[in-house]
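S.K.: predicted coordinates and the sequence they were generated for:
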Amino acid sequence: MLIPWIHFLKGLIAAGLIGFGLAAAAQSIEVTTATELRAAPALDAKVLARVGLGARGERTGSQGGWVKVRIVEREGWLRLTHTKSLEAAPAVAAQPAVANPITGLAGMFAATSNKPTATTGTRGLTQEQLANAQPAPAEVQQLERYAVTGDQAAQFARTGKVVGQSFEQYTGADK
């Protein structure tokens, strides 16, 4: 009679630990740009709901430039660039600057860097792709062939009747 209860309690404890582990893996997020919750991580996926600026939810996964979330009483996918984490990042111990020109570039890819790092254009890349990234001097030379002087650019603008236009500074959030 006692043995079935022991198995039941063991199962209950195991389920509780699994549930606790899943809850610990969830991360609180906030929407920084009004967007759409989608059924799959793709721009052409079905729109499940419109999500307003400031909406909060739980991040439950990620794929490329998308995060899987539980938000507005639904589960779906948001673009990573339209969200921010509400949880503090772990502190990184300060590392001395490296002045070696050979290893200096490698420092850009080191996980222990204490310098600000721009991530624009890298979202959606896998850890493996980032870890295996290599400089491409031939590509840089190819791009340098397209360089023009300021006078050449001004002449092109005059020929094409291009006029300057001022814009408000973009803050990354809807007003």
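M.R.: Happy to help now that I have it. Residues are numbered from 1 along each chain as shown.
S.K.: go through stretch 66-79 and flag the buried ones.
M.R.: 66-69, 71-72, 75-79 (16 or more other CB atoms under 10 Å). For the C-beta atoms, the positions are set from N, CA and C on the backbone; glycine is no exception.
S.K.: next helix or strand past the longest strand along the chain?
M.R.: In the chain, taking DSSP state E as the definition, the longest strand is strand 56-63. Downstream of strand 56-63, the next assigned helix or strand under DSSP states H and E is strand 66-71.
S.K.: show me what that next one pairs with in its sheet, parallel or antiparallel.
M.R.: The pairing partners recorded for strand 66-71 under DSSP bridges are strand 56-63 (antiparallel), strand 74-79 (antiparallel).
S.K.: residue 43: which of those strands is closest?
M.R.: Nearest to residue 43, of all the strands paired with strand 66-71, is strand 74-79, at 8.3 Å by CB to CB.
S.K.: pLDDT (mean, whole number) over that closest one?
M.R.: The predicted model assigns strand 74-79 a mean pLDDT of 93.
S.K.: kindly report the same for stretch 126-144.
M.R.: For stretch 126-144, the per-residue pLDDT averages 85.
S.K.: give me the distance between the two termini of it.
M.R.: Separation of the first and last residues of stretch 126-144 by CA to CA, to the nearest Å is 28 Å.
S.K.: what of stretch 32-40?
M.R.: 20 Å.
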